[in-house]
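[1] Only the shape, not the letters, is given here:
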């Protein structure tokens, strides 16, 4: 798409022409990030049960109340945040970069959690 031309292709081809994310790619990014969030949640509960401390003050407060408060709120925050990302980012030219800004740190956190089980 150049200048003022309109994109007449449908779906992914049109999104690719604009440099934006198509629905399948957006869903794939969202699913991957959601899995990282859930892995972080489970590992956090396990590690805190073993004596570790949650660095996020709000989540640490919820963990002190018990996993029955921490887990649902963490899932809710993750779902709402990913919903907003999925609604807004396909319209943004740098949508992939935005998903990377969220996904890469979560991936690093998950690797850190997993290293705690090994070492």
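    The structure has been received and is ready for your questions. Every value quoted in this text rests on a predicted model; they were computed, and no experiment measured them.
[2] Which pLDDT value belongs to the spatially most central residue of the chain?
    Central residue of the chain (Cα atoms, centre = their mean): residue 33, 3.3 Å from the mean position. pLDDT, residue 33: 91.
[3] Now it. Nearest residue, chain neighbours left out?
    In this structure, residue 33 finds its nearest non-sequential neighbour in residue 103, 5.0 Å apart by Cβ to Cβ, 6 or more residues apart in numbering. Every residue, glycine included, has its C-beta placed from N, CA and C.
[4] Surely the one you found touches residue 35?
    No: judged on Cβ atoms under 8 Å, residue 103 makes no contact with residue 35 at a distance of 10.1 Å.
[5] Mind checking which of those two has more residues around it?
    Between residue 103 and residue 35, counted using other Cβ atoms under 10 Å, the more crowded position is residue 103 (16 against 12).
[6] Next one: the more buried one from residue 29, what distance?
    For residue 103, the distance to residue 29 equals 7 Å [Cβ to Cβ, to the nearest Å].
[7] go on, residue 113?
    In terms of Cβ to Cβ, residue 113 sits 21 Å off from residue 29.
[8] of those two, who's got more company?
    Between residue 113 and residue 29, counted using other Cβ under 10 Å, the more crowded position is residue 29 (22 against 17).
[9] That's all I had, so thanks and see you.
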